[in-house]
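Asks: Give the three-dimensional model of this entry:
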Amino acid sequence: MIGWAYISLILAIVFWVLGYSGIAGAFAWISFILFVVFLLLAVIGMILYWKPSRRI
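Replies: Numbering: from 1, shown residues only. A predicted model of the protein is given here:
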């Protein structure tokens with residue numbers, strides 16, 4: 001999922017350089033949403049699979 005965010009960010013930069021600001025904005029928004037979803041899933045995964053260390 002983070003790879004998709006990077007790809008859409010690169011596409012946003014390319015379209016911005018070429019002058020297509022509407023498409024660049026859409027790709028930037030998609031990149032932001034994918035990155036936020038990735039972060040949320042990563043945090044949820046860490047919380048669910050976290051096991052405290054058992055020191056004696």
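
Asks: Phi and psi next, for Lys51.
Replies: Lys51 has phi and psi values of phi -120, psi 130 when expressed as degrees, to the nearest 10.

Asks: could you say which helix or strand contains Ile10?
Replies: Using DSSP states H and E, Ile10 falls within helix 2-18.

Asks: where does this structure dip in pLDDT?
Replies: For the chain, applying pLDDT under 70 flags the ranges 53, 56.

Asks: so what's the residue minimising distance to the centre of the chain up against?
Replies: Nearest residue to the geometric centre of the chain (Cα atoms, centre = their mean): Phe35, 1.6 Å. Neighbouring residues of Phe35 by Cβ atoms under 8 Å, 6 or more residues apart in numbering: 2, 5. Placement of C-beta: from N, CA and C, glycine included.

Asks: elements contacting the helix holding Ile10?
Replies: helix 21-48 (3 or more Cβ pairs under 8 Å, 6 or more residues apart in numbering; DSSP states H and E).

Asks: quick one: buried residues of the helix it packs on?
Replies: The neighbour-count check on helix 21-48 (16 or more other Cβ atoms under 10 Å) flags 24, 27-28, 30-31, 34-35 as buried.

Asks: Sweet, I'm off.
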